[in-house]
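Visitor: Sequence first, then the predicted structure:
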Amino acid sequence: MFSDSTDYCHCCLVVELLNCLIVDDLRPNNPENKFAKIQKKNDFVKFFQISILNLFCIFAPKKTGMSVERLIFNRFVRQKNTGYTRPIVRIATFGVVLSCMVMIFSICISFGFKNEVSRQVFGFSGHLRMGYYQMSSADVQEPIRRDAVDWEAMRMSVEKTGRAPSLQPFHKQAYATQIGLIKTDVYNHGVTLKGVEQDYDFSFFESCLIEGNIPYFSDTATSNEVLISRILAKKLYLQLGDRLRTYFVDGNDVRARAFDICGIYESGFTTFDEKMMIGDLRHIQRLNGWDTNEIGGFEIILSGSAINNLNQQAGIFNNFLPLDLVTIPITSDHPEIFNWLDLMDMNVIVILVIMALVIAISLISVFMVMIIEKTNEIGVYKTMGMSLATLRRIFVWKVMYIAGKGLLVGNSLALALCWIQKNYPLITLDPSTYYIKHIPIHFEWSWLIFCNVGTLAIVLLAVLLPSIAIGKIREAEAVKFN
């Protein structure tokens, strides 16, 4: 019936332990006795239960494939914690839940900030900027010619060098900028007029538009329509459809232009909203005396995984540009913003490590308390021949069960709250400080999975060391332990 002596000893061990448990439960003085009245009426009930358990414990491991340690572990799981163990286990479980929620929040909020802030910066300026090296997006620009870059030849050259997969599909758009001054009856305010053309990608501004419409640029006539931010409209007491007089300085000359406000946007990014105005590129060409073939530069909008490697993509373009032109990642134009975002990664890693250690320390405490509480049973197990490895596995499984339950609850609560914040923003921020109006949420599933798996691995490694204490328990003293 038994494959070896170990199976026989284990089955006998379970039989004796369960017999003792049932007999203990049937004692009249047991406060949790549920069968006391039955026992008084008929002792045959006790005999019948013990007999059924004897048969089950002998045949169940072979028929169902369930090991003895699994049977004991299942009993531990179903057994309610009593005495001083109950509050300790509850506190540890609460600590696991709370730490897990902190980890989930830190990951979702951190990636939310990075994605949202980066999206807004890229929406205003694109991913790459191509022009003369001394060119700055906020100063007077030295024009380049549209035909200074042969895009088709560049693509063919990339294909010949075998680097075509590295050059992801992109969209190029001509632009130019000019600093000016908006003057009203009550207030003056400096702005940067950004001139664009028909092929400009307005998808970002369409998502931020709160009034009016996107400017329309025809092929022939110069359009006077401009798009301004809500901050500018509020400061200058302007409304949709108002005439806007703007003055531009060219050396000793001051040139005035009248624009019509066709739309008002609000990105929440105060740094750009306070100064950016979108209009027709031909206005800047006339102000600077350029011909129609001269522009301030090109903005390049990337797609796919290329967005995560701006420096690499800029290098690919630079390899095929004339010597007097250069491609610069937008991250170089705003280092203070992107350095702050990169610093958030380190903060998240520190939080994850601290929370994982908190969980591990809490469960180590639970592990030691369980060993103290089960010292008597451990002595019985060892007396009946159960191996030390089996005993350690049972208690490690119990601790991992508590950790898994805490992580499950923590993940459920944290992800639910993050989903609510993502779809119904409840917690707002000051845009002048954080660049956005509310706490952004982004579910980065690879990080979330790594967080949970890593936490379980740390807990497993942490409880293996204190499990050595089980081997130091002496059978003779443990059986008499109370």
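Guide: Noted; the coordinates are in hand.
Visitor: going forward, measure contacts and count neighbours with C-alpha atoms only.
Guide: OK.
Visitor: Report pLDDT for Ser446.
Guide: As predicted, Ser446 sits at a pLDDT of 90.
Visitor: actually Lys437, not the one I wrote
Guide: 81.
Visitor: From Phe269, how far out is it?
Guide: From Lys437 across to Phe269, the span is 8 Å (CA to CA, to the nearest Å).
Visitor: List the residues that are in contact with both of the two.
Guide: Counting by CA atoms under 8 Å, 6 or more residues apart in numbering, the shared contacts of Lys437 and Phe269 are Pro431.
Visitor: And the chain, what are its domain boundaries?
Guide: Domain ranges of the chain: 1-66, 67-126+332-482, 134-323, per automatic domain parsing.
Visitor: Pick out the shakiest of those, pLDDT-wise.
Guide: Ranked by mean pLDDT, those bottom out at domain 1-66, with a mean of 45.
Visitor: how much distance is there from stretch 216-231 to the middle of the chain?
Guide: 38 Å (CA atoms, centre = their mean, to the nearest Å).
Visitor: hang on, the earlier thing: could you redo the domains of the chain as TSV and give each row mean neighbour count?
Guide: TSV is the format used below for those (neighbours: other CA atoms under 10 Å):
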stretch	mean neighbour count
domain 1-66	15
domain 67-126+332-482	17
domain 134-323	17
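Visitor: now the strands for the stretch 251-400 of the chain?
Guide: Using DSSP state E, counting those that start in this stretch, the strands of the stretch 251-400 of the chain run over residues 253-265, 276-280, 294-295, 297-302, 325-329.
Visitor: Who are the packing partners of the shortest one?
Guide: Right, the one you point to is strand 294-295. Helices and strands touching strand 294-295, by 3 or more CA pairs under 8 Å, 6 or more residues apart in numbering; DSSP states H and E, are strand 144-145, strand 170-183.
Visitor: which residues touch it?
Guide: Pro143, Ile144, Arg145, Arg146, Ala174, Tyr175, Ala176, Gln285.
Visitor: if you count residues, which helix in the chain comes out on top?
Guide: helix 85-125 (DSSP state H).
Visitor: Output the contacting helices and strands for that one.
Guide: Packing partners of helix 85-125 (3+ CA pairs under 8 Å, 6+ apart): helix 203-208, helix 335-373, helix 388-423, helix 445-464.
Visitor: quick one, the longest one and helix 388-423 angle?
Guide: Here helix 335-373 points in a direction 140 degrees away from that of helix 388-423 (axes from the mean of the first three to the mean of the last three CA atoms, to 10 degrees).
Visitor: For burial, what's the neighbour tally of His128?
Guide: Check again: residue 128 is Leu, not His. Each residue near Leu128 was counted by other CA atoms under 10 Å, and the total is 25.
Visitor: Then His127?
Guide: Counted with other CA under 10 Å, the neighbours of His127 add up to 25.
Visitor: Save the helices and strands packed on strand 294-295 as a markdown table, and put in distance to Met277 too.
Guide: Shown next, in a markdown table, are the helices and strands packed on strand 294-295 (distance: least, CA to CA, whole Å):
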| stretch | distance to Met277 |
| --- | --- |
| strand 144-145 | 22 |
| strand 170-183 | 10 |
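Visitor: And those: which comes nearest Leu209?
Guide: Of all the helices and strands packed on strand 294-295, strand 170-183 sits nearest to Leu209, with 20.6 Å by CA to CA.
Visitor: which residues touch the closest one?
Guide: Contact with strand 170-183 is made by 137-141, 188-197, 199-201, 244-249, 281, 284, 295-303, as judged by CA under 8 Å, 6+ apart.
Visitor: Now stretch 197-206 - C-alpha only, CSV.
Guide: As requested, the backbone C-alpha atoms of stretch 197-206 are provided in CSV (Å, rounded to 0.1, in the frame of the first residue of the first chain):
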residue,chain,number,x,y,z
GLU,A,197,1.5,75.2,-42.4
GLN,A,198,-1.4,73.0,-43.6
ASP,A,199,0.5,69.7,-42.9
TYR,A,200,1.0,70.6,-39.3
ASP,A,201,-0.2,67.9,-36.9
PHE,A,202,-2.8,69.5,-34.7
SER,A,203,-3.9,66.4,-32.9
PHE,A,204,-2.5,67.5,-29.6
PHE,A,205,-4.2,71.0,-29.8
GLU,A,206,-7.4,69.3,-30.9
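Visitor: neighbouring contacts of that stretch?
Guide: Stretch 197-206 is contacted from outside by 120, 123-124, 173-175, 214, 216-218, 265, 267, 280-281, using CA under 8 Å, 6+ apart.
Visitor: so, if you compare those residues, which one comes nearest to Trp445?
Guide: Using CA to CA, the contacts of stretch 197-206 come closest to Trp445 at Gln120, 22.7 Å.
Visitor: Would you check that that closest one makes contact with Phe269?
Guide: Yes: Gln120 is within contact range of Phe269, at 7.2 Å (criterion: CA atoms under 8 Å).
Visitor: Name the residues contacting each of the two.
Guide: Counting by CA under 8 Å, 6+ apart, no residue touches both Gln120 and Phe269.
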